[in-house]
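K.L.:
got a predicted structure plus its sequence, pasted below:
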Amino acid sequence: MSEQQEEDVLSGLVGAAPALSPLETLRHSTAHVMAKAVQKLFPGTKVTIGPSIESGFYYDFDPPRPFTEDDLAKIEAEMKKIVDANEPFVRHELPRSDARAMFEKLGETYKVELIDGFPPDAVVSYYTTGDWFDLCRGPHVKATGEIKAFKLTAVASAYWRGKETNPQLQRIYGTAFSSQADLDKHLARLEEAKRRDHRRIGKDLDLFSIDETIGAGLVLWHPKGGRVRHLIETFWREEHFAHGYELVSSPHIARDELWKTSGHLSFYKENMFSGMDVDGQQYLAKPMNCPFHCTMFKKGLRSYRELPHRWAELGTVYRYERSGVMHGLLRVRGFTQDDAHLFMTREQLPGELERVTNFCLYILKTFGFTDFKLYLATRPKEFVGDPEIWAVAEAALLDVLKKSGLPFEVDPGGGAFYGPKIDLKLKDCLDREWQCSTIQVDFNLPERFDLEYVGQDNKKQRIVMVHRALLGSMERFFAVLTEHYAGAFPVWLAPVQARVISIGDRQAPYVQEVAEILTKKGFRVDTHVGGDKLGAKIRQAQLEKIPFMLVCGDKEVEARAVAARGRDGTQLPAMSIDAFAEHLAKAAAIPRGGVAPA
RNA sequence: GCUGGCGUAGCUCAACCGGUAGAGCACCUGACUUGUAAUCAGGAGGUCGCGGGUUCGAGUCCCACCGCCAGCUCCA
């Protein structure tokens, strides 16, 4: 939980009842019912806080022993009793000192700690639920009988007040809806999310794997996934050349000298894989590409006439991530960033920021993403660089976002110490946000590497530098892309675009010929001949989410035609091989700047 | 890293209180030659995550490690 979120939760404990939506109120009340049930079933359990959240609610407890999954059913049963009893929620108020004494007497040390954080003159409210009560600002439903449909979903742990150094509490997650039908709908959505999970699809479609013998968070791209990645990269490279970039390339390791200069050994060391000794020199795997590009920039005296330089690299980096944080392809230890560094003059900064932002949105739209969250992260308390140029950069970023016409949020003080940035997050199948695109101004590395250019006045000037990634990393982007399309990649990205299928063995030579013709035209085509029934072959291709199935029986051989079926079940009229090739070419066109059809 | 859960054939899963591993799909072989989401039969396939320990005997119990899942913390 961020500090801001924590503030929100804690501020909800004192003063007048905040305005919660009916659903939020219902869920918060359900959390109270759960807390009552837990304290009855597990005497000695201390209560803490229990807010409603986006998909339900949770309540954090400090129990004598950790909860297990089996406990959830017992708690649910106890909750049902409380609901059936239709106990009213009643608000009571007390002076702060009386409230403190009351909770202290009960041994509710966490509640006491919360009260201690309230203003001295605060009137503290608590709510009774039958013979049970809880420190709470409310609001609540009138009585427990209003809780019609709820379910406890998970047990986990969480740190008290979100701080790693604090004691760990036991958190129980649940959800509640105003009707059983809504709850069922929600549970069905979760099932659907499981089917879209890129880890599931990656296995089913043989796209990638991660093997513990190789190491956690290190990805194997199988041929099918490798093909999709190649298609993404090819598009990416072409677009970069078309948008004024040059492609560069740098090694995976470098001497500690480089990382001292860049500052990574002082501020990023705990995220770097430990070094290796080579001939008495320490080498470390790169966690970022920027120091290489900076070093490259220093080769030669730069003139304002040659700026800006836009150097892009699909650079593979390695970062040590703590063991519990890896998640499929979304969070890994080795990944390839679609990185670029822009070197420019101060004056060029606003124009370059606008240009790169538009480029970014163009690329994402081409891949079919329109539902993303934009954040502008501004100057933090600790920062390097001239406040004046910070202001220029922030104003430029704000201006770019406004011009885009897209909604965005400002994250005050959320910028890196070295500069402000725009972050763009995409959602996974469970609506969790993952940062993909980022555009970051950097006032630090140009100093550390002493990057300069000769200005019009023949004087050396400090470079302004921008880091940016559009997709973020190939791994994370591929994961989000896979979940976005549930594995049914748009035709331009599909690893196999069409499968040619025979009805019996007789048509095998013709099937082969059709496949060869289409392959020669540059399409990705494979075949399925042999003894299986047609239905089985169709089913197989459907499961593989291949966009087109070309059925060839005796009729098609006779007419030198194909009967094409789309993966959406549509049946195209029988057509010649060339006619289908034309159809496929249209379907496979890259929807540049548009939205790729699913 | 923390808490809880988990790790059995390529995949999905089964094996009561410890008695020495089983199914479906996939794969291979054969038969069938099929018109739009699963043809039939046979076969092969496992040092039960890895290493210790307890026991006459461990997939099952204990310890440590590795990995996975959910959440937290981190990350941006």
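P.N.:
Received, thanks. Numbering: from 1, shown residues only, chains lettered A, B, ... in the order given.

K.L.:
how close does A:Lys402 get to A:Glu409?
P.N.:
Counting by C-beta to C-beta, to the nearest Å, the gap between A:Lys402 and A:Glu409 amounts to 13 Å. All C-beta spots, glycine's among them, are computed from the backbone N, C-alpha and C.

K.L.:
now do the helices in the stretch 101-250 of chain A.
P.N.:
Ranges of helices in the stretch 101-250 of chain A, per DSSP state H, counting those that start in this stretch, are A:109-116, A:180-196, A:198-204, A:223-242.

K.L.:
OK, contacts around A:Ala536?
P.N.:
For A:Ala536, the contact set (C-beta atoms under 8 Å, 6 or more residues apart in numbering) is empty.

K.L.:
any residue of the strand or helix carrying it up close to RNA strand B?
P.N.:
Using DSSP states H and E, A:Ala536 maps to helix A:534-543. Yes - applying C-beta under 7 Å from any atom of the strand, one finds helix A:534-543 touching RNA strand B at A:Leu534, A:Gly535, A:Ala536, A:Ile538, A:Arg539, A:Gln542, A:Leu543.

K.L.:
tell me which helix or strand comes right after that helix.
P.N.:
Using DSSP H and E, the helix or strand that follows helix A:534-543 in sequence is strand A:548-552.

K.L.:
for that following strand, packing partners?
P.N.:
strand A:498-502, helix A:508-520, helix A:534-543, strand A:561-566, helix A:577-587 (3 or more C-beta pairs under 8 Å, 6 or more residues apart in numbering; DSSP states H and E).

K.L.:
quick one: the ones you listed as TSV, columns for mean pLDDT too.
P.N.:
As requested, the helices and strands packed on strand A:548-552 are exported to TSV (pLDDT from 0 to 100):
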stretch	mean pLDDT
strand A:498-502	97
helix A:508-520	96
helix A:534-543	95
strand A:561-566	96
helix A:577-587	97
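
K.L.:
tell me which of those sits most buried.
P.N.:
Of all these, strand A:498-502 has the most neighbours on average by mean count of other C-beta atoms under 10 Å, namely a mean of 27.

K.L.:
give the bridge partners for the closest residue to RNA strand B within the stretch 351-500 of chain A, please.
P.N.:
Nearest residue of the stretch 351-500 of chain A to RNA strand B (C-beta to the nearest atom of the strand) works out as A:Gln435 at 4.3 Å. Taking DSSP bridges, one obtains A:Lys425 as the residues bridged to A:Gln435.

K.L.:
show me what from the stretch 351-500 of chain A comes close to RNA strand B.
P.N.:
With C-beta under 7 Å from any atom of the strand as the criterion, the stretch 351-500 of chain A meets RNA strand B at residues A:Ala416, A:Lys421, A:Asp423, A:Leu430, A:Arg432, A:Gln435, A:Thr438, A:Gln440.

K.L.:
let's see if you can find the most crowded of those residues.
P.N.:
Scoring those on neighbours with other C-beta atoms under 10 Å, the highest-scoring entry is A:Lys421 at 24 neighbours.

K.L.:
for that residue, phi and psi?
P.N.:
phi -160, psi 160 (degrees, to the nearest 10).

K.L.:
that one and A:Val441 touch, don't they?
P.N.:
Yes - with contact defined as C-beta atoms under 8 Å, A:Lys421 reaches A:Val441; the gap is 6.7 Å.

K.L.:
what touches both of those two?
P.N.:
Joint contacts of A:Lys421 and A:Val441 (C-beta under 8 Å, 6+ apart) are A:Leu397.

K.L.:
could you export the strand or helix carrying A:Thr438 as PDB, CA atoms only?
P.N.:
Assigned by DSSP H and E, A:Thr438 belongs to strand A:433-442. Extracted in PDB, the C-alpha atoms of strand A:433-442 (Å, rounded to 0.1, in the frame of the first residue of the first chain):
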ATOM      1  CA  GLU A 433      -1.700  -2.100 -13.800                       C
ATOM      2  CA  TRP A 434       1.800  -2.700 -15.100                       C
ATOM      3  CA  GLN A 435       4.000   0.000 -16.200                       C
ATOM      4  CA  CYS A 436       5.000  -0.300 -19.800                       C
ATOM      5  CA  SER A 437       5.800   2.900 -21.500                       C
ATOM      6  CA  THR A 438       7.900   5.500 -19.700                       C
ATOM      7  CA  ILE A 439       9.300   8.800 -20.800                       C
ATOM      8  CA  GLN A 440      11.900  10.200 -18.400                       C
ATOM      9  CA  VAL A 441      13.900  13.400 -18.400                       C
ATOM     10  CA  ASP A 442      17.300  12.900 -16.900                       C
END
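
K.L.:
need the contact partners of that strand.
P.N.:
With contacts defined as C-beta under 8 Å, 6+ apart, strand A:433-442 is touched by A:290, A:330, A:349, A:353, A:356-357, A:360, A:364, A:372-373, A:393, A:397, A:416, A:418-428, A:464-472, A:476-477, A:479-480.

K.L.:
those in strands, which ones?
P.N.:
Judged by DSSP state E, strands contain the following of the contacts of strand A:433-442: A:372-373, A:421-427, A:464-472.

K.L.:
which among those residues count as buried?
P.N.:
Burial by neighbour count, 16 or more other C-beta atoms under 10 Å: within these this picks out A:372, A:421-427, A:464-472.

K.L.:
average pLDDT for stretch A:151-167?
P.N.:
For stretch A:151-167, the mean per-residue pLDDT is 86.

K.L.:
and that stretch with RNA strand B, contact?
P.N.:
Yes - for stretch A:151-167, a contact with RNA strand B is found by C-beta under 7 Å from any atom of the strand, at A:Ala154, A:Val155, A:Ala156, A:Ser157, A:Ala158, A:Tyr159, A:Gly162, A:Lys163, A:Glu164.

K.L.:
please identify the buried residues of stretch A:162-169?
P.N.:
For stretch A:162-169, the neighbour count (16+ other C-beta under 10 Å) marks A:Leu169 as buried.

K.L.:
near RNA strand B, which residues of the stretch 51-200 of chain A are found?
P.N.:
So far as C-beta under 7 Å from any atom of the strand goes, the stretch 51-200 of chain A lies against RNA strand B at A:66, A:68-69, A:154-159, A:162-164, A:168, A:170-171, A:173, A:199.

K.L.:
buried ones only from the residues you listed, please, as a PyMOL command.
P.N.:
Burial among these is assessed by 16+ other C-beta under 10 Å; the matching PyMOL selection reads:
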select buried, chain A and resi 155+158+170+171+173+199
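
K.L.:
who's in contact with A:Ala35?
P.N.:
For A:Ala35, the contact set (C-beta under 8 Å, 6+ apart) comprises A:Val47, A:Gly50, A:Tyr59, A:Phe61, A:Trp132, A:Asp134.

K.L.:
how near is it to A:His243?
P.N.:
For A:Ala35 relative to A:His243 (C-beta to C-beta), the value is 56 Å.

K.L.:
same deal with A:Ala494?
P.N.:
25 Å.

K.L.:
of these two, which one has the most company?
P.N.:
Using other C-beta under 10 Å, the more surrounded residue of A:Ala494 and A:His243 is A:Ala494, with 25 against 15.
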